[in-house]
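Visitor: Dropping a prediction and its sequence here:
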Amino acid sequence: MQTRILTPDPAGIRRACELLAEGQAVAIPTETVYGLAADAHNPAAVAGIYAAKGRPSFNPLIVHVADLEAAGRIAVLDEDARRLGRAFWPGALTLVVPLRADAGIAGLVTAGLATVALRVPAHPVAQRLLRASGMALAAPSANPSGRVSPTTAAHVADPATGLGGRIAAVIDGGPCPVGVESTIVSLIGGEARLLRPGGIPAEAIEAVLGQPLLRPPADPSPRDPVAPTAPGQLTSHYAPRAPLRINARAARPGELLIGFGEIAGEMTLSASGDPAEAAARLFDMLRVADAADRPIAVAPIPETGLGAAINDRLRRAAAPRPGDDSPAPGA
Ligand code: TXA
Ligand code: MG
C-alpha cells in the first residue's frame with residue numbers, strides 16, 4: 001500500500017472523507033500529536049487501526065468528536081464532565097465517561113469496556129474533517145505500538161519508524177503545536193482520576209473541578225500481563241530505540257545530551273526553560289537523537305504544568321523495555 005500525503009485544504013479533506021467512508025484509516029493532525037483515525041462506528045475500519053499499529057487489542061482507543069453536543073450522544077456526561085468539557089474543549093483533554101449503550105460505537109474501540117474515552121480536538125484540520133465527515137473518529141496516536149508519537153506528517157509517513165506503507169493516507173497539517181498527548185481524566189464511579197498527564201496541566205483541571213484529581217495506581221510492570229486502566233500506563237511505552245537516561249546534568253562518554261534551560265546539551269528542548277516549548281519539541285527531538293545511534297541523556301525538567309507530561313513520557317522511555325533483561329542505564 002502506498003501512503004498518500006494529503007493537503008489540509010478542501011480537496012484533501014474531501015479525499016480523506018472518501019477514504020474514511022470506505023473504511024480506511026487516515027492519519028490526521030491534532031494539536032497534541034497525529035492520530036490514526038477511522039470511523040468509530042465501523043468495526044472493520046477500527047480493526048484496521050489495530051492492524052496498522054500492531055497494537056495489543058486490550059488497548060481501547062480515544063473517540064474524537066466535533067463538540068460537547070456530539071460527545072453527549074456517545075456518552076453520559078454528568079455535571080463534572082460538562083464543566084470540564086466547557087472549560088477545555090476543544091483542546092488537549094480526554095474524558096473517560098460511561099458509554100451510552102445505544103451509541104453504536106464498535107466494541108473494538110472500547111475494548112469491550114462500558115466506558116469510552118472522548119476528546120474534542122482543537123486543531124482546525126481535525127475539526128474540519130470531523131464536521132465534513134459527520135463521523136466520530138476513533139484515533140490513537142499514529143505510531144507503531146510502543147514507539148514515540150508522531151508530531152509531523154513526515155514522522156507518520158516514515159516507512160522505517162512510522163506507518164508509511166501501512167496506511168492509506170496522512171493529512172499534512174504541519175507540526176503539532178502542543179506536542180504531547182492529551183491529559184486523560186476518568187470520571188467513572190463518581191470520582192475524578194488522572195489516568196495520564198498531558199497537554200492540559202492537572203493543576204488547571206483541578207482548578208475547574210475545585211478538588212484534587214485522584215492519581216492512578218502504581219504502574220504495572222511491562223512483563224505483567226495485567227490489563228492496565230489506561231495502557232498509556234504500560235511502563236515502557238514512549239520508547240526510542242536507543243537507551244535513555246533522565247535527570248542528567250552532564251553527558252557521560254558517548255552520550256548525546258538533550259538540554260533544558262541552563263543545561264545546554266548538544267541540542268535543547270528549550271534554552272529558555274519553557275515547558276510548553278519543550279513539549280512541542282520533545283518527540284521530534286527524541287527521533288533526531290535516536291537517529292544518531294548513541295545513548296541519549298536528558299536534562300532535568302521541572303515537574304510542574306506541562307513538565308509533568310514531559311517527565312511521564314521520559315520516564316517511560318527510560319524504563320526497561322519488554323523483553324529487555326538489563327535495567328536501563330540510570331533508570
Ligand atoms: O492526544 C491524544 O490523546 C492523542 C490524539 C491522537 O488524540 N491520542 C492518543 O491516543 O494518545 P492513544 O491511543 O495513543 O492513547 C489513548 C489512551 C490509552 O492509554 C488508552 O488506554 C486510554 O487512552 N483509554 C482509551 N479508552 C479508555 C477507557 N475507556 N478507559 C481508560 N482508558 C482508556
Ligand atoms: Mg499512543
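Guide: Nice, thanks for sending it over. If you're wondering where the values come from, they're calculated on a predicted model, not measured in any experiment. Ligands and ions are numbered 1, 2, ... in the order given.

Visitor: His41: neighbour count?
Guide: Around His41 there are 18 other residues, counting by other CB atoms under 10 Å. To be clear about C-beta, it is placed using only N, CA and C from the backbone, and glycine gets the same treatment.

Visitor: Repeat that for Ala103.
Guide: Applying other CB under 10 Å, I find that Ala103 has 17 neighbouring residues.

Visitor: For the closest residue to Val125 other than its chain neighbours, the count of nearby residues, please.
Guide: Nearest non-adjacent residue to Val125, counting by CB to CB, 6 or more residues apart in numbering: Gly173, 4.0 Å away. Other residues near Gly173 come to 24 when the count uses other CB under 10 Å.

Visitor: what sits against Ser145?
Guide: Residues near Ser145 by CB atoms under 8 Å, 6 or more residues apart in numbering: Lys53, Gly54, Arg55, Pro56, Asn59.

Visitor: Just to be sure, which of those residues are found in helices?
Guide: Lys53 (DSSP state H).

Visitor: Looks to me like Arg14 is in a helix.
Guide: Yes. Under DSSP: H, G, I helix; E, B strand; the rest coil, Arg14 falls within a helix.

Visitor: just to revisit the earlier point, also within reach of ligand 1: list those from the contacts of Ser145.
Guide: Asn59 (CB under 6 Å from any ligand atom).

Visitor: Show the buried residues in the contacts of Ser145.
Guide: Lys53, Arg55, Asn59 (16 or more other CB atoms under 10 Å).

Visitor: So for those, which is the shakiest by pLDDT?
Guide: Of all the buried ones among the contacts of Ser145, Arg55 carries the smallest pLDDT score, 79.

Visitor: how much space is there between that residue and Ala44?
Guide: Separation of Arg55 from Ala44 (CB to CB, to the nearest Å): 16 Å.

Visitor: How about Asp172?
Guide: 26 Å.

Visitor: In terms of neighbours, single out the busier of the two.
Guide: Higher neighbour count among Asp172 and Ala44: Asp172, with 20 against 11, using other CB under 10 Å.

Visitor: Need the pLDDT of the residue nearest to that one when sequence neighbours are not counted.
Guide: Once flanking residues are discounted, Asp172 sits nearest to Ala153: 3.8 Å by CB to CB, 6+ apart. If you check Ala153, the pLDDT there is 98.

Visitor: Tally up the residues packed near Ala153, please.
Guide: Neighbours of Ala153 (other CB under 10 Å): 25.

Visitor: residues in contact with it?
Guide: Ile5, Ala27, Pro29, Tyr34, Val170, Ile171, Asp172, Gly173, Gly174.

Visitor: hmm, back to that, export the contacts of Ser145 to TSV and append columns for distance to Glu262.
Guide: Output for the contacts of Ser145, formatted as TSV (distance: CB to CB, whole Å):
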residue	distance to Glu262
Lys53	38
Gly54	40
Arg55	39
Pro56	40
Asn59	39
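
Visitor: Report the two of the contacts of Ser145 separated the most.
Guide: Farthest apart among the contacts of Ser145 by CB to CB are Gly54 and Asn59. That separation is 10.9 Å.

Visitor: Now do stretch 266-284: everything it contacts.
Guide: With CB under 8 Å, 6+ apart as the test, stretch 266-284 has contacts from 33, 148-152, 155, 175-180, 199, 238, 251, 256-262, 264, 285, 288-289, 298-299, 301-302, 304-307, 309-310, 313.

Visitor: Inside helices: which ones of those?
Guide: His155, Met285, Val288, Ala289, Leu306, Gly307, Ala309, Ile310, Arg313.

Visitor: Quick one: buried ones out of these?
Guide: By 16+ other CB under 10 Å, these give His155, Met285, Ala289, Leu306, Gly307, Ala309, Ile310, Arg313 as buried.

Visitor: Among the residues you listed, give me the pair with the biggest separation.
Guide: It's His155 and Gly307 that sit farthest apart of those, by CB to CB, at 22.8 Å.

Visitor: Now do the contacts for the nearest residue to Leu93 once chain neighbours are set aside.
Guide: Closest residue to Leu93 apart from its sequence neighbours, by CB to CB, 6+ apart: Ile200 at 4.8 Å. Ile200 makes contacts with Phe88, Gly91, Ala92, Leu93, Ser182, Thr183, as judged by CB under 8 Å, 6+ apart.
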